[in-house]
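# coordinates only, no sequence provided:
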């Protein structure tokens, strides 16, 4: 038997209902959304518009505020670098982010820094979250953008999005959140009307890889002054030209609708798995990462006394598939920048593993996992 997959923060399996929709639009309804002269194109366009509505509904946005992209990385780049020209024209050349963001936020921010913008990178507490007070202290009249992730991909810790939104009341800075990990899982925080820009990833919510969205919430009748990063067509209001991948878009829409529909059942299942995991692993005296009151129910980031994460993953590889950080930085063997930002030493960071599951996860023999770990101690 293969090991049980417990790396859902890296990517999720396809929801069965989503798989059916995906293959239907790959094989039957394969029309180009831009083809306006025949029925195939018209049905494709209608399906895409329905998917916009499904995605928008999760965050209480409007259908025309959804821009489809290839994933959260592209969405983050469009949200951050897409404001570059407006920042130059308006004289707003200051941006704020945190030390625990995904590289898909930190690197575009650093690119702005090389072009004359000033970036403030806020520290986080040992609990793994940024404080609203630090955001307030960093704000300036010339602040263009504040970008704080909804939920950290390595630790599972929620960030205080609602409190930061209150800090930004009355300030014109745009508020962006990388919601790759929390969209469809932590619903209330993304419905805050002060959130201007929300990045979404399909393959974190049981849709395929290669599809995502950027939600661009209007302020009254005023659209966010984003500029395209690529050129070659008028699709997606000119912000993301190119032929729309209808099957992927429809799959994302279905995944978003199902996530809202099944939200409570998924929470209950993930909470039960977490309780079972902790019951088996707690006797081994693990060090849990960050403020556990803020951790999503489908994530455990922890370390065991005297054990290195690499050795642990190898020892468990026939039982469970887990990771020791972000899949997007797995080619780098340097300690996690997230855990270092939380104040860990290199050795402490290198001992941590991330275990993440979903409502689709089969039964895990946690006692067998605990016994294997105990044999290494």
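Nice, I can see it. Here the structure is a predicted model, which is why all the values come from computation and not from measurement. Numbers count the residues shown, from 1 in each chain.

# got the phi/psi numbers for the closest residue to residue 225 other than its chain neighbours?
In space, residue 225 comes closest to residue 86 once its chain neighbours are excluded; the distance is 4.2 Å by Cβ to Cβ, 6 or more residues apart in numbering. All C-beta atoms are positioned from the backbone trio N, CA, C, and that covers glycine. Main-chain torsions, residue 86, degrees, to the nearest 10: phi -60, psi -40.

# what about residue 86, neighbour count?
Neighbours of residue 86 under the rule other Cβ atoms under 10 Å: 16.

# contacting residues for it?
Applying Cβ atoms under 8 Å, 6 or more residues apart in numbering to residue 86 gives the contacts 92, 144, 225, 226, 227.

# how close does residue 36 sit to residue 68?
18 Å (Cβ to Cβ, to the nearest Å).

# the two - which one has more neighbours?
Higher neighbour count among residue 36 and residue 68: residue 68, with 27 against 9, using other Cβ under 10 Å.

# now do that one against residue 192, distance only.
Taken as Cβ to Cβ, the span from residue 68 to residue 192 is 22 Å.

# are any of the contacts of residue 86 buried, and which?
Neighbour-count burial (16 or more other Cβ atoms under 10 Å) is assigned, among the contacts of residue 86, to 92, 144, 226.

# need those residues in JSON lines (columns: distance to residue 235).
Below are those laid out as JSON lines (distance: Cβ to Cβ, whole Å):
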{"residue": "92", "distance to residue 235": "28"}
{"residue": "144", "distance to residue 235": "26"}
{"residue": "226", "distance to residue 235": "14"}
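
# what is the nearest of those residues to residue 167?
Within the buried ones among the contacts of residue 86, the smallest distance to residue 167 is 15.7 Å, found for residue 144 (Cβ to Cβ).

# who's in contact with that closest one?
Residues near residue 144 by Cβ under 8 Å, 6+ apart: 83, 86, 87, 90, 92, 93, 94, 95, 117, 173, 174.

# SS state for it?
Following DSSP: H, G, I helix; E, B strand; the rest coil, residue 144 is assigned to strand.

# ok, which stretches of the stretch 201-350 of the chain are strands?
212-216, 287-288, 299-303, 320-321 (DSSP state E, counting those that start in this stretch).

# what pLDDT, on average, does the last one get?
Strand 320-321 shows an average pLDDT of 98 in the prediction.

# counting contacts, what elements does that strand pack onto?
Applying 3 or more Cβ pairs under 8 Å, 6 or more residues apart in numbering; DSSP states H and E, one finds that strand 320-321 contacts strand 4-5.

# strands paired with the strand it packs on, and their directions?
strand 320-321 (parallel) (DSSP bridges).

# contacting residues for the residue nearest the centre of the chain?
The structure's the chain has its C-alpha centroid closest to residue 180; by Cα atoms, centre = their mean the separation is 1.5 Å. By Cβ under 8 Å, 6+ apart, the contact set of residue 180 is 72, 102, 149, 153, 199, 200, 201, 204, 212.

# so what's the third one up against?
Contacts here follow Cβ under 8 Å, 6+ apart; on that basis residue 149 touches 98, 100, 101, 102, 105, 159, 177, 178, 179, 180, 181.

# can you get me a residue count around the fourth one?
By the measure other Cβ under 10 Å, the count of residues near residue 102 is 23.

# what do you get for the fifth one?
With neighbours defined by other Cβ under 10 Å, the count for residue 105 comes to 26.

# how about it, what does it touch?
By Cβ under 8 Å, 6+ apart, the neighbours of residue 105 are 76, 80, 97, 147, 149, 178.

# just the last one next, same as before
Residues counted as contacts of residue 181 (Cβ under 8 Å, 6+ apart) are 9, 149, 150, 151, 152, 153, 156, 204, 296.

# relative to residue 32, which of those residues is nearest.
residue 204 (27.3 Å).

# gap between the nearest residue to that closest one once chain neighbours are set aside and residue 343?
Take residue 204 and drop its neighbours on the chain: the residue closest to it by Cβ to Cβ, 6+ apart is residue 180, 5.3 Å away. Distance from residue 180 to residue 343, counting by Cβ to Cβ: 24 Å.

# same thing with residue 249?
Applying Cβ to Cβ to residue 249 and residue 343 gives a distance of 41 Å.
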